[in-house]
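# heads up, no residue letters with this:
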Ligand code: NAI
Ligand code: MG
């Protein structure tokens, strides 16, 4: 360790005279990138009928990592046919205990190869290796383990009823947790006896494609999971395919709406996990330093690319000055930079359009009267970066208090009474999550019961477990993922 001034001699990100660690990059050699990736259909990588490939880049360096096959309507159809065939001939006929064996195998192989997956996740998406290594990978494996456990016990999940699979599921996932979202979608579908066609996001297809190698290693029967990279148009073709029984989507509310329209009047079942604008509420009796860590984790985790991010800080007026002072000091200590460095707290913004969206919304915030405070770290020259940001003097009418920013930007509002806190927390079209910090159990129980949000964290934030259902109210979507509730989205009676 050494002490750096504001301008570190080595050009590394430095923060106002705080102790800096020497670089500690994770070796990327463990990842063997191929120059080109095909579509994964019927158990093997194939050339796309479309003949098209697109590039995926590392958002921290703008380096092209690989070319990835683009699935068009004909490719989507081929993948759905493979999934239908596997469903009818193999997967729906296997007893639950046999399906469980495959899921256990996938979980174990993911654990064995977790470092490789973590490095690839950080390369393709820009998130800090500490998060991909300690959060995304353990949770992805845990989802397969958890659902492996259910595969032969479904009648206990639904006592007195006989659950049967739905058939073929089309699944579309975003770029903020690429492998974890694939695990959230694939594991319950397979445990319940369905087969899958999954479309990863266009900026982060690589870990889903590496997962296909795991399926091969686990000898998962061909066609049970098919992975077809592409863009929004590919997603739209998948949604429109007539031979699907279920669509599961995680992404923007805007696209969620389009999908809901597209499946209306069809036999397709639908679950949507969309945006959020969570309130993280700090009462005056909270343990303040602990709450500061929770606020920081709530909004700067994964650069704020989190649908349940605690993006609205609601702080009780009597402690507002103190909390804002501590928060400003704290964000100067965040290490922003190389996602592969083990000391990095905040990595790269996932894509240029996302960076532009964050910049635009913050600009609007300032125009509308918010006060801007940012971490004054040095940012790398290449890649897409945004400083950890706090906007104060925000009121509920401000755009930055209403729109999902999906970046490392916290909007601070104040309240006087618990009543007012609950009102402001509910004053949003979203309802995915919320947080509450207080030393009184009665207070947080009261708050949790009043807030219309799928999850309410008390004296903590961003805690996940496969056994715990996750999902939204209002424009945050419907249906649950995880737990018994999540299984219900993949069975019929
Ligand atoms: P998006 O909703 O466009 O993308 C999510 C997935 O949907 C991607 O795989 C994309 O290819 C696919 N998709 C896009 N258009 C589609 C269509 N018409 N039919 C079917 N699939 C389609 O989100 P985008 O543009 O990447 O991000 C925009 C904003 O959405 C973000 O700034 C953020 O506010 C929000 N978002 C929320 C997420 C969440 O976890 N709830 C995840 C990603 C984005
Ligand atoms: Mg990428």
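Structure received. Bear in mind the structure is a predicted one, so any value in this text is a computation, not a measurement. Numbering: from 1, shown residues only. Ligands and ions are numbered 1, 2, ... in the order given.
# since we're on residue 26, how many residues are nearby?
Using other CB atoms under 10 Å, residue 26 has 21 neighbouring residues. The C-beta positions use only the backbone N, C-alpha and C, and glycine is treated the same way.
# now it: how far from residue 63?
Remark: distance between residue 26 and residue 63 (CB to CB, to the nearest Å) = 16 Å.
# let me know the pLDDT of residue 183.
Residue 183 is assigned a predicted lDDT (pLDDT) of 98.
# next, count neighbours for it.
29.
# one more: residue 162?
By other CB under 10 Å, the burial measure for residue 162, its neighbour count, is 10.
# check residue 89 too.
Neighbours of residue 89 (other CB under 10 Å): 11.
# thinking residue 418 is in contact with residue 445, fair?
No - between residue 418 and residue 445 there is no contact under CB atoms under 8 Å: 11.4 Å.
# stretch 168-184 close to ligand 2?
No - residues of stretch 168-184 are not located near ligand 2 by CB under 5 Å from the ion, the shortest gap being 7.7 Å.
# and residue 434, that's in a strand?
Yes - Residue 434 forms part of a strand when assessed by DSSP: H, G, I helix; E, B strand; the rest coil.
# do you know how far residue 381 is from ligand 1?
25 Å (CB to the nearest ligand atom, to the nearest Å).
# next: residue 105.
Taken as CB to the nearest ligand atom, the span from residue 105 to ligand 1 is 27 Å.
# what's the nearest residue to that residue if we skip its chain neighbours?
residue 218 (4.0 Å; CB to CB, 6 or more residues apart in numbering).
# and residue 133, by the same measure?
Counting by CB to CB, 6+ apart, the residue nearest residue 133 is residue 118, at 4.1 Å.
# show me what contacts whichever residue of the stretch 351-493 of the chain sits closest to ligand 2?
Closest contact between the stretch 351-493 of the chain and ligand 2, by CB to the ion, is at residue 351 (7.7 Å). Contact analysis of residue 351 by CB atoms under 8 Å, 6 or more residues apart in numbering lists 59, 175, 203, 384.
# give me the domain ranges for this protein.
Structural domains assigned to the chain are 28-274+476-492, 279-458, following automatic domain parsing.
# and those domains: which comes nearest residue 21?
Closest approach to residue 21 among the domains of the chain (CB to CB): domain 279-458, 4.5 Å.
# ok, the closest residue to residue 432 other than its chain neighbours to ligand 2 distance?
Nearest non-adjacent residue to residue 432, counting by CB to CB, 6+ apart: residue 276, 3.5 Å away. According to CB to the ion, to the nearest Å, residue 276 and ligand 2 sit 23 Å apart.
# need the pLDDT of residue 276.
97.
# do I have it right that it meets residue 404?
Yes - with contacts counted by CB under 8 Å, residue 276 reaches residue 404, the gap being 6.4 Å.
# tally of neighbours for residue 336?
Neighbours of residue 336 (other CB under 10 Å): 25.
# identify the bridge partners of it.
Beta-bridge partners of residue 336, counted by DSSP bridges, are residue 346.
# is it true that residue 48 touches residue 68?
No - using CB under 8 Å, residue 48 is not in contact with residue 68, being 9.5 Å away.
# in terms of neighbours, single out the busier of the two.
Using other CB under 10 Å as the criterion, residue 48 and residue 68 rank with residue 68 on top: 25 against 21.
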